[in-house]
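Participant: Below: sequence and its predicted model.
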Amino acid sequence: MDKKSKRFFVQAVTLSAVPLLTSLWLGAQTARADSFELAMVIKETTNPYYNATLAGARIAAGEIGGTANNYGPTQSSGKAQVDIINNLADRHVPAIAVAPSDPDAVVPAMKRAQKLGAKVITFDADSAPEGRPFFVNQATTDSVGSFGAQLLAAAMENKGKVAIVSAQPTAANQNAWIAAFREEIKKYKDIEIVDEVYGYDNEQKAFDATVALVTKYPDLAGIYAPTCPGLPAVARALESLNKGKGVIKVAGMCVPSITAKYMLDGTIQGFYLWDPIKLGYVTYYAAKYFAEGKIQGKVGDSFTITNGKWPGKYEISPSGDIVTGGPLQYTEGNYKEHNY
C-alpha cells in the first residue's frame, strides 16, 4: 500500500468510527443522566406519609429520568439522620433532600455533603437556613396552623379547654404550625390552650401522652395534633378512655390510610394535610434541576413543568422556599381519592 493509499485508509477508518464514537458518547451521557439519584433523608421509615412523598418523587423520575429512594431511621432521631447524611455524602450521591427531625443538628452534615459535591436541599421540614439554599415547602406555615385552629374551634363550638399533642420539641415545622395555631385561636375568646405535650413521632408515646392529658384535665374539650402518626394514636387513646366519638373534639394532620377510620367513627372531627405526593414530585424536579445547574438555588430562581403530572411554574420565594400547595381537608366524600 503506497503512502497515498495508506492516508486514505486511515481517514476512512477514522470517519467510519465517528458515528460509533458519537453513539457511545451519547449513550454514556444518557447513562449518567439515568444514574442520577435523589436520596430523601426522612424522619422515620415507619411513617406512611413518606411513602407518599417518595411515590411523588418517583413519578417525577419517570418523567425526567433518574431514581429516588428513602433513607431514614425507624424512629425519629436527629443524630441518626446525621449519620445517614454523612454516609450518603461519602457515597457521592448527587442530590440529597432532607426532612430534618432537628433543624440544627443536621446542618454540619448537610454542609459537609455539599463540600463533597452533593446538592443538598430540605423538604417537608426545614433546617436552619445556613444548611441549605432552599426548602421545598408543602404549604405556608400560617395557612397550615390557622386552618387547624378553625377546624377545631368549629367542632368545639368556639369554647372550652384545648391541649396540643405535637411530635417533638425540636421539630421546626411542628413548632411553626403550632405557633400559627395559637395565634389563630386567640380570636376565640372562650377557648383556652392549657398544655402542649409530645409523642416523638411514636404511636405508643403519643397514646400515653394523650392518656396523661385526659387524666390531668378531666374537663378537656379539644385536642389539636398536627402529627402523623400521632393523630391516630390520640384517637385510639380517647376511644380506650371512652372519650371518643365527640366527647373530646379532635383535629389534626395525618394521612388518610391510618386516620380515616377515626373520622368515619366520629372520634376525629377534622383532619387535613396537603398533597404529599405532589410535595415529593416537586422536590424531585427542584433537586434534579439544581444538580444539573438549571437553577442555582437562589431567591427568584424558577423552573417550569410543562408536560408533567403537575405543570406550573415553581419559584424560590424571598423567604427561601418553594411552596407547592395548601391545606387539604379529608372528608367522607374525598378521602378514598387520596390513596396514601
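Facilitator: Everything's here; your move. Numbers count the residues shown, from 1 in each chain.

Participant: distance of residue 287 from residue 111?
Facilitator: 17 Å (Cβ to Cβ, to the nearest Å). Any C-beta I mention is one placed from the backbone N, CA and C, and that applies to glycine too.

Participant: Please identify which of these two sits among more neighbours.
Facilitator: With neighbours defined as other Cβ atoms under 10 Å, residue 287 and residue 111 compare such that residue 287 has more, 30 against 16.

Participant: Show me where the stretch 51-200 of the chain has its strands.
Facilitator: Taking DSSP state E, counting those that start in this stretch as the test, the strands found in the stretch 51-200 of the chain are 67-71, 95-98, 119-123, 135-137, 160-166, 191-198.

Participant: and the second one, what does it pack onto?
Facilitator: The elements that strand 95-98 packs onto, with contact taken as 3 or more Cβ pairs under 8 Å, 6 or more residues apart in numbering; DSSP states H and E, are strand 37-41, helix 78-90, helix 107-115, strand 119-123, helix 276-291.

Participant: export the last one as CSV, just CAs?
Facilitator: Same thing as helix 276-291. Taking Å, rounded to 0.1, in the frame of the first residue of the first chain, the C-alpha atoms of helix 276-291 are listed here in CSV:
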residue,chain,number,x,y,z
PRO,A,276,-47.6,14.7,49.9
ILE,A,277,-47.4,13.1,46.5
LYS,A,278,-47.1,16.5,44.9
LEU,A,279,-44.6,17.6,47.5
GLY,A,280,-42.3,14.7,46.6
TYR,A,281,-42.9,15.3,42.9
VAL,A,282,-41.8,19.0,43.0
THR,A,283,-38.9,18.2,45.4
TYR,A,284,-37.5,15.8,42.8
TYR,A,285,-37.8,18.3,40.0
ALA,A,286,-36.2,21.0,42.1
ALA,A,287,-33.3,18.8,43.3
LYS,A,288,-32.5,17.4,39.8
TYR,A,289,-32.6,20.8,38.1
PHE,A,290,-30.4,22.1,40.9
ALA,A,291,-27.9,19.3,40.4
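
Participant: Show the secondary-structure elements that it is packed against.
Facilitator: Applying 3+ Cβ pairs under 8 Å, 6+ apart, we find helix 276-291 packed against strand 37-41, helix 49-64, strand 95-98, strand 119-123, strand 135-137, strand 302-305, strand 312-315.

Participant: of all those, which lies closest to residue 206?
Facilitator: Checking the helices and strands packed on helix 276-291 against residue 206 by Cβ to Cβ gives helix 49-64 as the closest, at 14.5 Å.
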